[in-house]
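K.L.:
prediction below, plus the sequence it came from.
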Amino acid sequence: MKGSDISILNKNGPCSSSVFAKLLVTNFGITNATARKRISRNHEILKLEGLNLPNNAQFLYLKKDYCSHRYWTALTTVLIESNSSYGLAIAALKQRGGIITMQQFLTCCGSPIMQKKHIASTVIVKNLISAKLIEVSEVFGLGECVLLKGSERNIESITNKLKARLFAEDILLKAISSWSRNLGIVSYNKTKLRTINSAPTVGTFYWDFTAPSYLTPLISGGKGLKTKPGFLTCDILLEKNITVHSMKAYLKKCETLNRLNNIGKCLHIFVAENYSTEALKLAKEKGVIPATVDTLFGNEVTKSLKKLVDILSNAAGKIEDKYDIDAFFKSLGKIDGVAGNLRGTLFEYVIAELMRNIESFDSVRLNKIYKPSKGGEAEVDVTVITNGKKIRFIECKAHEPDGYVDNEEVKKWLHKRLPIIKKYVKEHPEWRDMKVSFELWATAKFTDEAIELFENESNKTKLHEIIYFNADEVDSFIKESENKELYFTFKNYFKSRIPTH
């Protein structure tokens, strides 16, 4: 009998114990009481502990299904159908690839910071950890992150994707801020945007973007009363096919906020790449704006953001289209405050492309994190291994060409990052006979103090090289590579001031 029970659960997938009992009743003609006893006695059927379902039901699954796609799909469906806040939180996390910063989990999970008769977002985190459905880990460069169980198997890949998406979303948030200010929708100097570790609030919820608005439909107050502004709120997610379950997490925020008496009227906007038919329909029914990047800013910006995420997600950092960087600056550089961020990020890809042109390489990696067994962790912008003979650890500093690299940046690189990377190299005997160089490439000049720091550190050891190149020297290397497109890009966007639009 047990085998028959297992085959039914295997065929139908994870489900609630009440649903499974009905399947047993239907298939074997037994009573509900007998079905419940068979479930409780079958130790091959696993039960989720820590989250309650209505009528003392349990979520059942087989070991082979744990953390699989159908496990999460079934669990979120069962929880959401039982009106559980935990199901919405899981759906929102799953929609984001199974990993998100702690702050953004608190923003997107659908639960308030603190509010009567509602489970606080921090309690959601605590209870999902207890139920062994999520874990919280420190991720280099992002801080504390929430991971869906099973996601840690692909931690490097999903972390790269997350960092890339967050960078592109930050660009988009700046565009939304400019758009709303320029149209007069919001108070010009009062827009607030999220960061990795913080987010603006309206009422009892975090949002990616907020601003007060004095548009007539949003203000309140009346004759003889002080005018009270409303708010524009916006959450963004640069992902395809937003599901109806993850949309419900966002809509719960909006509906709960709208019921608060002491908060002004709100206009809610969600921005994504696109939506499932059900999610789009539900958002419209609930009175929020389900926008896309295309409808807000046009196809050119949409294509650039998607391409940017693809490139930044790729650890090899290969820019297949040599005109990509030029396109990024022309479409995204028009957005206030974005050009400088693009310069800093994309300079790494210029140097990686240069290495592919001038070196006989085994591998070129971007943003590789090195973590020795003891002594912290450090990220290297570009790592080049050249035919098993040499390793080049390259730090890239993109500054205005007529400026100087900050001395504190040089000190941090020499005295904090390099010792960690050196420890990592020592722990890898296969690298023992290879030449090692630590290099800092910049689009600006170095001060006399910085040069002295480089020289002093270089004189301490003959085991490896410490090299530094200023803007003119980088210019010469790229020019000598005879890659005309790369040189054009460097001259226009890194060696010169970025053109204003």
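P.N.:
Thanks, I have the structure now.
K.L.:
biggest helix in this protein by residues?
P.N.:
Longest helix in the chain, counting residues (DSSP state H): helix 155-182.
K.L.:
what's the first helix or strand after it?
P.N.:
For helix 155-182, the succeeding helix or strand toward the C-terminus, using DSSP states H and E, is strand 192-193.
K.L.:
right, and the helix or strand after that following strand?
P.N.:
strand 201-202.
K.L.:
need the residues that contact that next one.
P.N.:
Contacts to strand 201-202, defined as C-beta atoms under 8 Å, 6 or more residues apart in numbering, come from residues 113, 207, 210, 231, 233, 257, 263, 266. (C-beta placed from N, C-alpha, C; glycine too.)
K.L.:
check which residues of stretch 453-473 are buried.
P.N.:
By neighbour count on 16 or more other C-beta atoms under 10 Å, the buried set for stretch 453-473 is 453-454, 457-458, 464, 466, 468-471.
K.L.:
Asp294: which of these is nearest?
P.N.:
Closest to Asp294 out of the buried residues of stretch 453-473 is Ala471 (37.1 Å), distances taken as C-beta to C-beta.
K.L.:
enumerate every residue touching that closest one.
P.N.:
Ala471 touches 401, 442-445, 494-495, counting by C-beta under 8 Å, 6+ apart.
K.L.:
same check on Lys411?
P.N.:
Leu453.
K.L.:
distance of it from Tyr424?
P.N.:
20 Å (C-beta to C-beta, to the nearest Å).
K.L.:
ok, Asn182 next?
P.N.:
Counting by C-beta to C-beta - Asn182 and Tyr424 are separated by 48 Å.
K.L.:
and the two? which has more neighbours close in?
P.N.:
Tyr424 (20 against 10; other C-beta atoms under 10 Å).
K.L.:
the more buried one touches Ile369, doesn't it?
P.N.:
No: applying C-beta atoms under 8 Å as the test, Tyr424 and Ile369 come out as separate, 9.9 Å apart.
K.L.:
apart from its chain neighbours, what residue comes closest to Asn258?
P.N.:
Take Asn258 and drop its neighbours on the chain: the residue closest to it by C-beta to C-beta, 6 or more residues apart in numbering is Cys266, 6.5 Å away.
K.L.:
beta partners of the one you found?
P.N.:
With DSSP bridges applied, Cys266 shows beta-bridge pairing to Phe231.
K.L.:
do me a favour and average the pLDDT over stretch 204-221.
P.N.:
Per-residue pLDDT over stretch 204-221 has a mean of 94.
K.L.:
ditto for stretch 262-279
P.N.:
96.
K.L.:
now do the buried residues in that stretch.
P.N.:
Buried residues in stretch 262-279 (16+ other C-beta under 10 Å): 263-264, 266-273, 275-276, 279.
K.L.:
nearest residue to the residue nearest to the spatial centre of the chain in space, ignoring adjacent ones along the chain?
P.N.:
The chain has Leu162 as the residue nearest its centroid, 2.9 Å off, counting by C-alpha atoms, centre = their mean. Spatial nearest neighbour of Leu162, chain neighbours left out: Ile99 (5.4 Å); criterion: C-beta to C-beta, 6+ apart.
K.L.:
returning to what we had before: gap between the longest helix of the chain and the chain center?
P.N.:
Here helix 155-182 is found 8 Å from its chain centre; the criterion is C-alpha atoms, centre = their mean, to the nearest Å.
K.L.:
pretty sure Glu255 contacts Lys286?
P.N.:
Yes: with contacts counted by C-beta under 8 Å, Glu255 reaches Lys286, the gap being 6.8 Å.
K.L.:
before we move on, the earlier item: who are the packing partners of the longest helix of the chain?
P.N.:
strand 99-101, strand 192-193, strand 209-213, strand 230-237, strand 266-272, helix 293-297, helix 299-313, helix 339-358 (3 or more C-beta pairs under 8 Å, 6 or more residues apart in numbering; DSSP states H and E).
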